[in-house]
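[1] What shape does this take:
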Amino acid sequence: MPETRRVVVIGGGIAGLASAYLARELAEERGIEIELTVLEAGPRHGGSTRTNLVEGYTCEWGPNGFLDNEPATLELVERIGITGELVKADKDSANRYIFHGGRMRAVPTKPMAFLLSDILPLHAKIRMAREFFIAAKQDESDETVDDFGRRRLGNTFAELMLDPMVSGIFAGNTKELSLAAVFPKMVEMEKEYGGLFKAMIAKQRVAKREGKTAGGPGGPNAVLHTFQAGMGRLTDRLAELLGETLKVNAQVQHVAQREHGRFQVVSEGATFEADAVVIAAPSHAAAKMIQGIDIGVSKALAAIPYAPVDVVCHGHPDSHLGHPLKGFGVLIPRSEGIRSLGCLWSDAIFPGQAP
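    Got it, this is the predicted structure:
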């Protein structure tokens, strides 16, 4: 009789739940017996992915959707049987706004529209137009997002446009974020086409020839999705399928390595022996867990910075607003001195998320 393999997954967010589900599925496909345990430190599963329905409003405390330009998420959704609950973002929500100079300004989606809009001053438009003639970077060295933006599009564009757009995605600092890490496609576009405008024009020509749209709410070649009950439905379904293997209020204190490649996972009130351990926890938490296994990796994990973010969910009758809010939302540059990254217009993106 084959030996049962014991697998412990640390973390009950989307990464941990998906890892646990796929580990069990893979074991079944290969005829391997496994004893699976998922340990979540908090009182409930889901991690940052959590949805509340309040008086008809859908409040997302984590991601408001996911893009389909990578197949893995859609494949997972199909495997767990909730494809029929998917909702696509409304095409009219492709419009985005920047708050600058005391009012919201529409973000142009085409190079020529940028030159005609009032979102940038004249000198910034002239500098931005020069991007078409700037030679591509020749060496392979990495650069920050801010360095890239200033080099190709100018200082004003980097501050008024690039900073809020990047902050809206990563809540991070463009002067610290690696371009290759967060926007590898921009690196590829510069290498392949020689510049961003050249790449945009080429991609628009291809899209037109193939009868596709070059952009939408999810950006070029991607569609933003959620579920009828919100993004929390994804983690709820995974937790439902995992059943009693998922244990909450089980904070892991440390992981120790034993003989023959095995591990011991010590949590509050319980100890688990494991043949394999998956750590799907924040890096600072993971760092403490593995101090006794590899101090070098532990220090590297502890050094990864996190950007603290608070989410506030507002619900207002249309009559209280002085703007139709037809679009994806508004982003706010740091230079405006407002302590907010921006605002997503949930009901415009996914109609039905407000009464």
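[2] Count the neighbours of the closest residue to Ser178 other than its chain neighbours for me.
    What sits nearest to Ser178 in space, not counting adjacent residues and going by CB to CB, 6 or more residues apart in numbering, is Asp142, at 5.4 Å. For every residue, glycine as well, the C-beta is placed using N, CA and C. Look at Asp142: counted by other CB atoms under 10 Å, it has 12 neighbours.
[3] Quick check: Asp142 touching Phe183?
    No: Asp142 is beyond contact range of Phe183, at 11.4 Å (criterion: CB atoms under 8 Å).
[4] What score does the residue nearest to Ser178 have for pLDDT?
    Note for Asp142: predicted pLDDT of 92.
[5] same question, Ala171
    In this model, Ala171 carries a pLDDT of 87.
[6] Return the residues in contact with the residue lying closest to it once chain neighbours are set aside.
    Nearest in space to Ala171, with sequence neighbours left out and distances taken as CB to CB, 6+ apart, is Ala307 at 4.1 Å. Taking CB atoms under 8 Å, 6 or more residues apart in numbering as the criterion, Ala307 is in contact with 170-173.
[7] for Ala202, same thing?
    Per CB under 8 Å, 6+ apart, neighbours of Ala202: Tyr193.
[8] give me the element it is part of.
    Per DSSP states H and E, Ala202 falls inside helix 196-209.
[9] What are the buried residues along that helix?
    By neighbour count with 16 or more other CB atoms under 10 Å, helix 196-209 contains the buried residues 196-201, 203-204.
[10] So what's the residue count around Val297?
    Neighbours of Val297 under the rule other CB under 10 Å: 13.
[11] Assumed it was part of a helix.
    Yes: remark: Val297 belongs to a helix, assigned using DSSP: H, G, I helix; E, B strand; the rest coil.
[12] what about the residue lying closest to it once chain neighbours are set aside, distance to Lys299?
    Once flanking residues are discounted, Val297 sits nearest to Ile290: 6.3 Å by CB to CB, 6+ apart. When CB to CB, to the nearest Å is the yardstick, Ile290 and Lys299 sit 10 Å from each other.
[13] With Pro121 instead?
    Look at Pro121 and Lys299: by CB to CB, they are 46 Å apart.
[14] Check Phe197 too.
    Distance from Phe197 to Lys299, by CB to CB: 43 Å.
[15] same deal with Leu160?
    Counting by CB to CB, the gap from Leu160 to Lys299 is 38 Å.
[16] Tell me which of those two has more neighbours.
    Between Leu160 and Lys299, counted using other CB under 10 Å, Leu160 has the larger neighbour count: 23 against 11.
[17] list the contacts for the more buried one?
    Leu160 neighbours (CB under 8 Å, 6+ apart): 98, 100, 119-120, 124, 333, 335.
[18] Can you say which of those residues are buried?
    98, 100, 119-120, 124, 333.
[19] What about these, which are in strands?
    The strands, defined by DSSP state E, take in 98, 100 from the buried ones among the contacts of Leu160.
[20] which one among the buried ones among the contacts of Leu160 gets closest to Gly232?
    Ile98 (29.8 Å; CB to CB).
[21] Domain parsing of this protein, as residue ranges.
    Using automatic domain parsing, the domain ranges for the chain come out as 5-64+231-302, 107-225+317-349.
[22] nearest to Thr83, of those?
    Among these, domain 107-225+317-349 sits nearest to Thr83 (CB to CB), with 10.1 Å.
[23] what distance separates that closest one from the centre of its chain?
    16 Å (CA atoms, centre = their mean, to the nearest Å).
[24] Equivalent analysis for stretch 80-98, please.
    Per CA atoms, centre = their mean, the centroid offset for stretch 80-98 relative to its chain is 15 Å.
[25] And stretch 43-62, by the same measure?
    For stretch 43-62 - counting by CA atoms, centre = their mean - the centre lies 16 Å from the chain centre.
[26] CA atoms only: put it into PDB for me.
    Coordinates of each C-alpha in stretch 43-62 appear next as PDB, following Å, rounded to 0.1, in the frame of the first residue of the first chain:
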ATOM      1  CA  PRO A  43     -10.600  34.000  11.900                       C
ATOM      2  CA  ARG A  44     -11.800  33.400   8.300                       C
ATOM      3  CA  HIS A  45     -10.400  32.300   4.900                       C
ATOM      4  CA  GLY A  46      -9.800  34.500   1.900                       C
ATOM      5  CA  GLY A  47      -7.000  36.800   3.000                       C
ATOM      6  CA  SER A  48      -7.300  40.100   1.200                       C
ATOM      7  CA  THR A  49     -10.000  38.800  -1.100                       C
ATOM      8  CA  ARG A  50     -13.200  39.600   0.800                       C
ATOM      9  CA  THR A  51     -16.700  40.800  -0.300                       C
ATOM     10  CA  ASN A  52     -19.500  42.300   1.800                       C
ATOM     11  CA  LEU A  53     -23.000  43.000   0.500                       C
ATOM     12  CA  VAL A  54     -24.400  46.000   2.400                       C
ATOM     13  CA  GLU A  55     -27.900  47.300   1.600                       C
ATOM     14  CA  GLY A  56     -27.500  46.400  -2.100                       C
ATOM     15  CA  TYR A  57     -23.900  47.700  -2.400                       C
ATOM     16  CA  THR A  58     -21.100  45.300  -3.200                       C
ATOM     17  CA  CYS A  59     -18.100  46.200  -1.100                       C
ATOM     18  CA  GLU A  60     -14.700  44.700  -2.200                       C
ATOM     19  CA  TRP A  61     -12.000  44.900   0.500                       C
ATOM     20  CA  GLY A  62      -9.400  43.400  -1.800                       C
END
